[in-house]
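A.B. asks: got a predicted structure plus its sequence, pasted below:
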Amino acid sequence: MTKLQPRSRKVRILVTLGPSSDSPEMIRALFVAGADAFRINMSHGAQEDHAARIATIRALEKEFGRPTTILGDLQGPKLRVGTFAAGPVMLQTGAAFVLDRDLTPGDAHRVNLPHPEIYAALVPETRLLLDDGKLVLRVKAVDGERIETIVEVGGMLSDRKGVNVPDVVVPVPALTDKDRRDLSFAMQQGLDWIALSFVQRPEDLAEARKLMGGYGALMAKIEKPSAVQRLEEILEVADGVMVARGDLGVELPPQAVPPLQKQIVATARRMGRPVVVATQMLESMITAPTPTRAEVSDVATAVYDGADAIMLSAETAAGAWPVEAVTMMDSIAHSVERDPGYFARLHFTETQPDSTTADALAEAAAGIVPVVGASAIACFTSSGSTVRRLARERPSAPILALTPRQDTARKLGLTWGVHAVRTKDIGTFEEMIGKARRMSLRHHMTAKGQKIIVLAGVPFGTPGSTNVLHVATIRGDELKGRD
């Protein structure tokens, strides 16, 4: 088994796989460089290609003795215009333009829009954004067959460009037939997280949750203004959330996205849900071996805000410098976390505990760490819920999650500050303390003479029973035991 030190970095790095990172050698290099989790983008590639990547990632688990985390990102519905008879057309600012149900190829005056849900949702004075927001249309009249608009921002429009509807909730299901097939495949492959696109309401998560059948964790991608308006309701039913800044930046003015990012991160942290900040973090590294200073500051801001994970998209999927991008992100995160003011900034967001024993002990453990100088918090968990509650407190010591369940260990790969280890369950208090000492030493999270905090539940092995907090001192002879 190849030895790899636990990440000393608290924030996790999620990398997207694609043509630039397809080979087993490259996937391994990304993992060694600092990738904590891998994103499989279901919008591109065949299922057999994804299966090969998944097998490669799981092989790393055996090689390094560390759980691997895989997120499957579903494509979601794609709203697009039809085609044009004579190629791209120029829409002039101030001109009239019609979208209709007529399948005849379009021209500079009209084009087909094959989505009846949009016709039903629009009202006069709402907007339609075409081609990632490059063109803006203002609705003047609408019925079930025809949308009459005025071009507010003109430009070239070509076949099958995307349509965004930012001002209303469009009654389109979040799952398409393709998504259902991809979700079934993801469950068969044992993926740990599913990211759901086009979430507008909490109800949009219901079908995916049902199809998952209790397996895996569900992440809501926040990419529409309507989702932001119902953020807390969505987080109540989601296991995690992704700040999809690219899509948010299409439907909202660019200057509106940074405060929304902070709002989403803070809300997710308060509610104890892992939050991923995504899109264009090191965009220039698609073609260049170094990022811009603005990109470095952008990544640093997400780390200072306390995001659980930061994500690389095209930088690793299609870029020329995938390993360098991961190395740079790892370096930025380490630099921020070494800042003496880092933890003070983290705790600008208040996380009030719920009135449960587990929450009370998680808050107490985080407070005890600086008082006794604990080097780690060892947390025994079955479902991972206590570990997530503890991570919500953003303690200054790393969290060692000890679980008998492989699926739990894998899902925790997107949780701030957590190093998850699959290990046999415990049966007695003495066994709990011995194993906590032994595993914290074995995984290089403590040393002789240092203290660790141990969290567990009695009776042992019962989910949701966390009721024990113990401070233990490392003697140095604990490695003689077996697990």
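C.D. replies: It's in. What you see is a predicted model; the values in this text were computed from it and never measured.

A.B. asks: for the residue most central in space within the chain, name its beta-bridge partners.
C.D. replies: Central residue of the chain (Cα atoms, centre = their mean): residue 276, 3.7 Å from the mean position. Listed beta-bridge partners, residue 276: residue 242, residue 309 (assigned using DSSP bridges).

A.B. asks: ok, it - contacts?
C.D. replies: Each residue near residue 276 by Cβ atoms under 8 Å, 6 or more residues apart in numbering is listed here: 14, 219, 240-243, 307-311, 414. No exception for glycine: its C-beta is placed from N, CA and C like everyone else's.

A.B. asks: what's the answer for residue 460, then?
C.D. replies: 380, 425-428, 432.

A.B. asks: make it 10 Å
C.D. replies: By Cβ atoms under 10 Å, 6 or more residues apart in numbering, residue 460 lies in contact with 380, 382, 425-429, 431-432, 468.

A.B. asks: and whichever helix in the chain runs longest, what's buried?
C.D. replies: Scanning the chain for the longest helix, with DSSP state H as the assignment, gives helix 47-64. For helix 47-64, burial by neighbour count (16 or more other Cβ atoms under 10 Å) applies to 50, 53-54, 56-57, 60-61, 64.

A.B. asks: do stretch 111-118 as well
C.D. replies: Here stretch 111-118 shows 111-113, 115, 118 as buried, counting by 16+ other Cβ under 10 Å.

A.B. asks: in helices only, show me those.
C.D. replies: Going by DSSP H, the helices hold residue 118 from the buried residues of stretch 111-118.

A.B. asks: between the buried residues of stretch 111-118, which is closest to residue 318?
C.D. replies: Ranked by distance to residue 318 (Cβ to Cβ), the buried residues of stretch 111-118 are led by residue 115 at 28.6 Å.

A.B. asks: that closest one is in contact with residue 164, isn't it?
C.D. replies: No: the criterion here is Cβ atoms under 10 Å, and residue 115 misses it with residue 164 at 11.8 Å.

A.B. asks: what touches both of these two?
C.D. replies: 79, 170.

A.B. asks: before we move on, back to that, tell me the one among the contacts of residue 460 nearest to residue 208.
C.D. replies: residue 382 (23.8 Å).

A.B. asks: now the end-to-end length of stretch 384-401.
C.D. replies: Stretch 384-401 has an end-to-end distance of 8 Å (Cα to Cα, to the nearest Å).

A.B. asks: list the buried ones in stretch 327-341?
C.D. replies: For stretch 327-341, by 16+ other Cβ under 10 Å, it's 327-330, 332-334, 336-337.

A.B. asks: same thing with stretch 420-432?
C.D. replies: 420-423, 426, 432.

A.B. asks: restricted to helices, list those residues.
C.D. replies: Per DSSP H, helices hold the following members of the buried residues of stretch 420-432: residue 432.

A.B. asks: of all pairs in the buried residues of stretch 420-432, which one is the farthest apart?
C.D. replies: 420 and 432 (17.2 Å).
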